[in-house]
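[1] Here is a sequence with its predicted model. Questions after.
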Number of protein chains: 2
Amino acid sequence: MTKKLLLKDVAKLAGVSEMTASRALRGAPDVSAKTKAKIEEIARAHGYVPNRIAGSLSSQSVNLVAVVVPSLNSFVFPEVLSGISAVLKDSPLKPVVGVSGYDLAEEESVIREMLSWRPSGLIVAGLEHTEATRRMLQQADCPVVEVMDVDGDPVRHCVGISHLQAGRGMAEQILARGYRKIGFIGTKMPQDFRARKRFDGFTDGLAAQGVTLDDIEHYSGESAIQTGRQLTAQMLARSPELDCIYYSSDVMSVGGLMHCLAAGLSVPGDIALAGFNNLQILQGLPLQLATTDACRHEIGERAAQIILKSREPGGVEGLVFDRLTPAISLGETL
Amino acid sequence: MTKKLLLKDVAKLAGVSEMTASRALRGAPDVSAKTKAKIEEIARAHGYVPNRIAGSLSSQSVNLVAVVVPSLNSFVFPEVLSGISAVLKDSPLKPVVGVSGYDLAEEESVIREMLSWRPSGLIVAGLEHTEATRRMLQQADCPVVEVMDVDGDPVRHCVGISHLQAGRGMAEQILARGYRKIGFIGTKMPQDFRARKRFDGFTDGLAAQGVTLDDIEHYSGESAIQTGRQLTAQMLARSPELDCIYYSSDVMSVGGLMHCLAAGLSVPGDIALAGFNNLQILQGLPLQLATTDACRHEIGERAAQIILKSREPGGVEGLVFDRLTPAISLGETL
DNA sequence: TCCGGTATCGATAACGGTTGCGATACCGAT
DNA sequence: ATCGGTATCGCAACCGTTATCGATACCGGA
């Protein structure tokens, strides 16, 4: 490993000034094609990697977009990311991911860390934050987009769906199909606010027609098929009268379906099932599970577009509040 | 949004020099508890976020570890990440993820981009890279760990499993259980080298006992349950004599299982199934699918440990080459 | 031949912190 | 009261690159 190579060295080797080398390597104007080719050649040959820390400090600009999500295991956020990446693809911006672990204190520290790198934009999942986080989002001198959820009070831009409405909508569909003995299985993670909102919307929707939940089960930790299967078995064992179960996630409803298969229960004859997210794993299963699409990809796309647009001359006029409509898909299990 | 707040401003507000403010906020020594408290108070009240770009340039150190993976949707890499995060958790280092999309050219540009931020370490999935990438990895003035795979020629440190061995091992198990009419379904992504190695190891293992594959199917795009189901249906339709199918991923074998369920085939009676990765989605299915554990979490942990250790006084002696043994789990489908 | 205009390039000063070292203040011991 | 030692703090230089602006070279037209 040779001594570290600086722009200065490349310039010296090419017999030009640092400035010319800098311009050449950045594709900036005011460099003749010939010298540019020469400098690029030398840089490549010697494996020069520019120091973007110095560059960003000097140019006062960072081509990074910070993205903060609660988790990467949950199947749901990677798809938001892919929406973001797709839009940022042919722009100079690159997404950088931070994980908050469904913990607002951790979120605060992750966001502080990311903002300390002075990114060109910040996209964060959820509307619930600590007070300190909200202050940071307000004062950040880059566009900020809160995504996934619209039920609340966004600090700046916002793109998402209403989880209250999603829960209520599913309640209405379930009631419309005649189910009345209804159970709910959902996460108890205190800070999974969106799951909580779906739960609230769901019970509201039921209450609107005088129905209350017959059984409720909360689990902790990340959602898993296995967990869904076990909790479904337990719930049906103790509440055999149930004719429908609503899950806070598709991952769990898949587990429910697996239990029913194993137990020889007919779905939706013996028991109807519905989840949330419209995850890809629903495709290819024995039955098409009922679910609500969370518009993950599109949310990512729109958030990234807001960031991009606010860099343009005109910029974004006012604050964006983009409420997408979550489509319910009844599948074959309702 | 007020004018941007600099260390200078905080210092002025606190009536101290920039240096004292800097030390106080970094927790460096040589600051009295009283002034430190005062400075911290002022910084917090005004929402000061330090500029790590300037700080890193000056201190010549960046508390980031670059992690480059092919994808985040595939269920497999997030778990490597969680291993990394777990180890980095109580250290000053933070992981930063980049996605290469199973594309070596893209990988090169992602790695160049990450190295331009002068991270404290680099973890990259796979041993296959462009020549330019290899040069960068060699010259990088930070520890570099190639992970997931050990079949090849690592540039620096390496932690992974042998996918050749994994494929061969599964072939031996399959043959040992008496199957002879064997099909293979795997990705055709030209750059998914590990899947290719498993395939090669698998055919080698079969050939060692005079068996050749009866049918092969390659698909493009990311693995999906739906794809696994469809391809399994197609393959069994045209090659009804098959008694076992090996998939390049668990996601696909789950699809195979779903087809068998739907088609009323008994597993492994009519057809045996085996996948790879030991993904969490295998838990809770009607049958425990045969698979090989890819040691994803542990690989992440060890890679991160190497990065951490090389920052310590003693450092890492020589080059680490850590070959983990992938455990086969026969499940109930072989 | 001289001139204005453009293309190409370089010197200098930031960018916002931190390192290194010197300065000052404060303490108990002599 | 003086001294050595430590705790606390500030000054100046510097980290590697880019913005700004001025300098030079080169060109065609008058």
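    Perfect, I can see it now. All values reported here derive from a predicted model rather than from experimental measurement. Residues are numbered from 1 along each chain as shown, chains lettered A, B, ... in the order given.

[2] Tell me the gap between stretch A:244-260 and the middle of its chain.
    Between the centre of stretch A:244-260 and the centre of its chain there are 22 Å (Cα atoms, centre = their mean, to the nearest Å).

[3] what does stretch A:236-248 give?
    Worked out by Cα atoms, centre = their mean, stretch A:236-248 lies 30 Å from the chain centre.

[4] for that stretch, which positions count as buried?
    A:236, A:239, A:242-248 (16 or more other Cβ atoms under 10 Å in any protein chain shown). All C-beta spots, glycine's among them, are computed from the backbone N, C-alpha and C.

[5] what's the answer for stretch A:275-282, then?
    A:275-282.

[6] which of these sit farthest apart?
    Using Cβ to Cβ, the buried residues of stretch A:275-282 span at most 14.0 Å, a distance reached by A:276 and A:280.

[7] Mind checking which of the buried residues of stretch A:236-248 land in strands?
    A:244-247 (DSSP state E).

[8] between these, which is nearest chain B?
    residue A:247 (13.2 Å; Cβ to the nearest Cβ).

[9] quick one on the thing from earlier: name the member of the buried residues of stretch A:275-282 with the shortest distance to residue B:139.
    residue A:280 (39.9 Å).

[10] residues contacting the residue most central in space within chain A?
    Central residue of chain A (Cα atoms, centre = their mean): residue A:77, 3.7 Å from the mean position. With contacts defined as Cβ atoms under 8 Å, 6 or more residues apart in numbering or on different chains, residue A:77 is in contact with A:69-71, A:125, A:296.

[11] Could you list which of those also contact chain B?
    Checking the contacts of residue A:77 against chain B by Cβ under 8 Å from any Cβ of the partner chain, not one of them is in range.

[12] quick check, nearest of the residues you listed to residue B:62?
    Set against residue B:62, the nearest of these by Cβ to Cβ is residue A:69 (22.5 Å).

[13] nearest spatial neighbour of the closest one, skipping sequence neighbours?
    What sits nearest to residue A:69 in space, not counting adjacent residues and going by Cβ to Cβ, 6 or more residues apart in numbering or on different chains, is residue A:77, at 4.1 Å.

[14] Just the element for residue A:273, please.
    Element membership for residue A:273 (DSSP states H and E) is strand A:272-274.

[15] Can you name the residues in contact with that strand?
    A:170, A:173-174, A:177, A:179, A:243-247, A:253, A:256-257, A:260, A:267, A:289-291, A:333-334.

[16] In helices, which of these appear?
    For the contacts of strand A:272-274, the ones inside helices are A:170, A:173-174, A:253, A:256-257, A:260, with DSSP state H as the criterion.

[17] tell me which of those is nearest to residue A:323?
    residue A:170 (17.6 Å).

[18] Correct me if wrong: that closest one contacts residue A:205.
    Yes. Using Cβ atoms under 8 Å, residue A:170 is in contact with residue A:205, at 7.3 Å.

[19] of the two, who's got more company?
    Legend: neighbour count by other Cβ atoms under 10 Å in any protein chain shown for residue A:170 and residue A:205, higher for residue A:170 (26 against 21).

[20] what residues are up against the more buried one?
    Taking Cβ under 8 Å, 6+ apart, one finds A:198, A:202, A:205, A:246, A:274, A:276, A:290, A:292, A:328 in contact with residue A:170.

[21] mind running it again at 6 Å?
    A:274, A:292 (Cβ atoms under 6 Å, 6 or more residues apart in numbering or on different chains).

[22] Distance of it relative to DNA strand C?
    48 Å (Cβ to the nearest atom of the strand, to the nearest Å).

[23] gap between that residue and residue A:325?
    Distance, residue A:170 to residue A:325, by Cβ to Cβ, to the nearest Å: 14 Å.

[24] okay, and the common contacts of the two?
    In contact with both residue A:170 and residue A:325: no residue, using Cβ under 6 Å, 6+ apart.

[25] what about the spatially closest residue to residue A:56 that is not a sequence neighbour, how many neighbours?
    The shortest distance from residue A:56 to any residue other than its chain neighbours is 4.8 Å, reached at residue A:62 (Cβ to Cβ, 6+ apart). For residue A:62, the neighbour count with other Cβ under 10 Å is 23.

[26] cool, and residue A:82?
    Residue A:82 has 19 nearby residues by other Cβ under 10 Å.

[27] can you check residue A:180 too?
    The burial count for residue A:180: 16, using other Cβ under 10 Å.

[28] What distance do you get for it to residue A:273?
    If you go by Cβ to Cβ, the gap between residue A:180 and residue A:273 works out to 16 Å.

[29] wait, doesn't residue A:283 sit right on residue B:229?
    No. Counting by Cβ atoms under 6 Å, residue A:283 sits too far from residue B:229 to count as a contact (8.5 Å).

[30] which one of the two has more residues nearby?
    Higher neighbour count among residue A:283 and residue B:229: residue B:229, with 25 against 17, using other Cβ under 10 Å.

[31] Which residue, other than its chain neighbours, is closest to that one?
    Using Cβ to Cβ, 6+ apart, the nearest residue to residue B:229 is residue B:255, at 3.8 Å.

[32] my guess is that neighbour contacts residue B:231, does it?
    No. Contact between residue B:255 and residue B:231 fails when scored by Cβ under 6 Å: they sit 7.5 Å apart.

[33] Could you give me the buried positions within stretch A:57-66?
    Neighbour count says stretch A:57-66 has A:57, A:62-66 buried, by 16+ other Cβ under 10 Å.

[34] is it fair to say residue A:229 lies in a strand?
    No. Residue A:229 sits outside any strand when classified using DSSP: H, G, I helix; E, B strand; the rest coil, being helix.

[35] what residues are up against it?
    Contact analysis of residue A:229 by Cβ under 6 Å, 6+ apart lists A:255, A:258-259, B:284.
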